[in-house]
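Novice: Below are the sequence and a predicted model; questions follow.
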Amino acid sequence: RYKAIVKYKTAFYSFYLPVAAAMYMTGIDSQEEHDHAKAILLEMGEFFQIQDDFLDCFGDPELTGKVGTDIQDNKCSWLVVECLRRVTPEQRQILGENYGCKEPEKVAKVKELYETLGMRAAFQEYEESSYRRLQELIQKHATHLPQEIFLGLARKIY
């Protein structure tokens, strides 16, 4: 479910559609080229949203420009999805009692649980594997389109 949310909430309209529109405007209308661009850009968009979810919790508001509220707002974020994959029954109860609550002490308990479960390291591992996958996709699929288009976008978000 999370992957579908990311695909249609962020990856498709923020990454693929703008590039697809530019491709059509410049006369690139081959279905194969669009499929190749989509494979690359959906991967990139997925990473972007997962990074946004991570930074919502662990990012410095001075650098990100926003104070994260995914925990308080009961958002379906990468962190909570991954947390649910790792928790014990006792930890799941802690999460259930505190996730989606506005009280600072409850938010702190969720963040403490994330730390206990090693979510920072899990994100770093995901980031590295996602970047490798993206590089492979660019090598494989950006045969007729300039690779620099995709590499430039990747450098902006990784």
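Specialist: Yep, it's here. This structure is a prediction, so every number in the text was calculated from the model and none was measured. Numbers count the residues shown, from 1 in each chain.
Novice: what about the residue of the chain positioned farthest from its centre, which SS state?
Specialist: In the chain, the residue that sits farthest from the middle, by CA atoms, centre = their mean, is residue 27; the gap is 30.6 Å. Three-state assignment for residue 27 (DSSP: H, G, I helix; E, B strand; the rest coil): coil.
Novice: ditto for residue 71
Specialist: Note that with three-state DSSP, the state of residue 71 is coil.
Novice: From what I see, it and residue 99 are in contact.
Specialist: Yes: in terms of CB atoms under 8 Å, residue 71 counts as a neighbour of residue 99; the distance is 6.2 Å. Backbone N, C-alpha and C define where each C-beta goes, glycine included.
Novice: These two: who's more crowded?
Specialist: The neighbour comparison of residue 71 against residue 99 (other CB atoms under 10 Å) goes to residue 71, with 25 against 21.
Novice: Enumerate every residue touching the more buried one.
Specialist: Residues in contact with residue 71 (CB atoms under 8 Å, 6 or more residues apart in numbering) are 57, 80, 99-100, 107, 110-111.
Novice: Likewise for residue 134?
Specialist: 40, 43-44, 47, 150, 154, 158.
Novice: and if we set it to 10 Å?
Specialist: 40-41, 43-44, 46-47, 150-151, 153-154, 157-158 (CB atoms under 10 Å, 6 or more residues apart in numbering).
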